[in-house]
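Participant: I'll drop the sequence and a predicted model, then ask my questions.
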Amino acid sequence: MDSDFDISAKAGLTDRGYARMAPFVWPRNDRRRGGRFFGAGQFHTADGRGVMIAVTPRASQAPDAAFPFRLNTGRIRDQWHTMTRTSLSSRLSQHLAEPFLEIHPADAARLGLAPAALAEVCNDHGCAILRVLVTDRVAVGHPFAPMHWTGETAPSGRVDALVPGLTDPVSGQPASKSASVAIRPFAARWYGYAIARSAFRPDCAYWARAALPGGMQAELAGLDTPADWAAAARDLFGVAGDPLVVDDAARGLHRLAFLRDGLLQAALFIGPAPVALSRRHLGGLLGQAAGPAALAGRAGADVPDPGVALCACFNVGVNTITRAVTEQGLMTVEAIGEALRAGTNCGSCRPEIRALIAQNVPFREAAE
């Protein structure tokens, strides 16, 4: 094959051999077995020099009055390690558990998009429903949405529905960073959050599910309101029996929990706005002894909530790091790492730790 990525030594593998194959390092051929690419300071060309090719980009759909935003897409931190494959890593999935639209505050204000609400993003190719993340990390007019959510994990949140079928004529790489789109609030009549020990598949206008250590979670939103939320929950989870229930129909609040032998099997939380709960706390209750207190959706005042896991390697939550900054005075990424181990392994969370320090100590720049 004459390529640095040549694995022709494995060309004769049978299906059985492939199933039993142990991991190995590229390349693997008659001339070379593994090793560092470009370690000798040369490119993989006949003379060892890089070849620059001048190209003229093919025109994509330019933003216009109908589709005024240019959508950028890409991967987020933990998708490299789970969502390009199985999406089964519960620890990695908890960092950002659903598809989102990262949009500048000026754009969000003009469109009437509130943080944590849902946005409908559309163009001539299709539509996607995405959670709103308001941030100045993106430019005005250039929102960002991550890829890798699928029909199995978030069928209404797939950004491939928005990307035009324009590809590079040589590599086949799609033009995945220049789709022109229109954005508007998604008019959900209700929002929900569900957890269960067994897998379940929601049936509503928006849902995004992710693995939990003891089961599965899903964010929900709908356009049609069930007449009986207890019956809807039984259908959703495939369970029988009467749940523990807290209802406030006048405010559109409904909370239901299913127990078996005193152990929490599933729970559903419904409200007229995005549901504010301690998701990590609730996930930890699955399969555990629980009672009516589970419907609070939060730990007691004497049990600190670690928050969403920011450091996946050591499962350190946002709230834990925030408390270390505000209460213990840890002002550097190094200090956080020494105290909590966060950021001391793969290092991919270090920029987020630095940003969290700066956010909580606005007048002092977070040091490396």
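Facilitator: Structure's in. What do you need?

Participant: any chance you could map the strands in this structure?
Facilitator: Taking DSSP state E as the criterion, the chain contains strands spanning 69-74, 100-103, 118-122, 127-134, 144-146, 179-185, 190-196, 206-212, 215-222, 244-248, 253-260, 263-271, 309-311, 316-317.

Participant: among these, which is nearest residue 355?
Facilitator: Checking the strands of the chain against residue 355 by C-beta to C-beta gives strand 309-311 as the closest, at 10.1 Å. Backbone N, C-alpha and C define where each C-beta goes, glycine included.

Participant: List the contacts of the closest one.
Facilitator: Around strand 309-311, the neighbours that count as contacts under C-beta atoms under 8 Å, 6 or more residues apart in numbering are 91, 94-95, 280, 315-318, 321, 340-343, 349, 352-353, 356.

Participant: got any ranges where this protein has weak pLDDT?
Facilitator: Along the chain, segments meeting pLDDT under 70 span 1-3, 57-60, 79-96, 300-303, 362-368.

Participant: Domain map for it?
Facilitator: Taking automatic domain parsing as the domain assignment, the ranges for the chain are 1-51, 69-185, 190-296, 309-360.

Participant: coming back round to it: which of the contacts of strand 309-311 are buried?
Facilitator: 91, 94-95, 280, 315-318, 321, 340, 342-343, 349, 352-353, 356 (16 or more other C-beta atoms under 10 Å).

Participant: and the lengthiest helix in the chain, what does it pack onto?
Facilitator: Using DSSP state H to define each element, the chain has its longest helix at helix 350-360. Judged by 3 or more C-beta pairs under 8 Å, 6 or more residues apart in numbering; DSSP states H and E, the packing partners of helix 350-360 are strand 309-311, helix 318-326, helix 333-340.

Participant: which of the ones you listed sits most buried?
Facilitator: With neighbours defined by mean count of other C-beta atoms under 10 Å, none of the helices and strands packed on helix 350-360 is more surrounded on average than strand 309-311, at a mean of 25.

Participant: As a quick check, tell me the outermost residue of this protein.
Facilitator: The outermost residue of the chain, judged by C-alpha distance from the chain's mean C-alpha position using C-alpha atoms, centre = their mean, is residue 47 at 43.5 Å.
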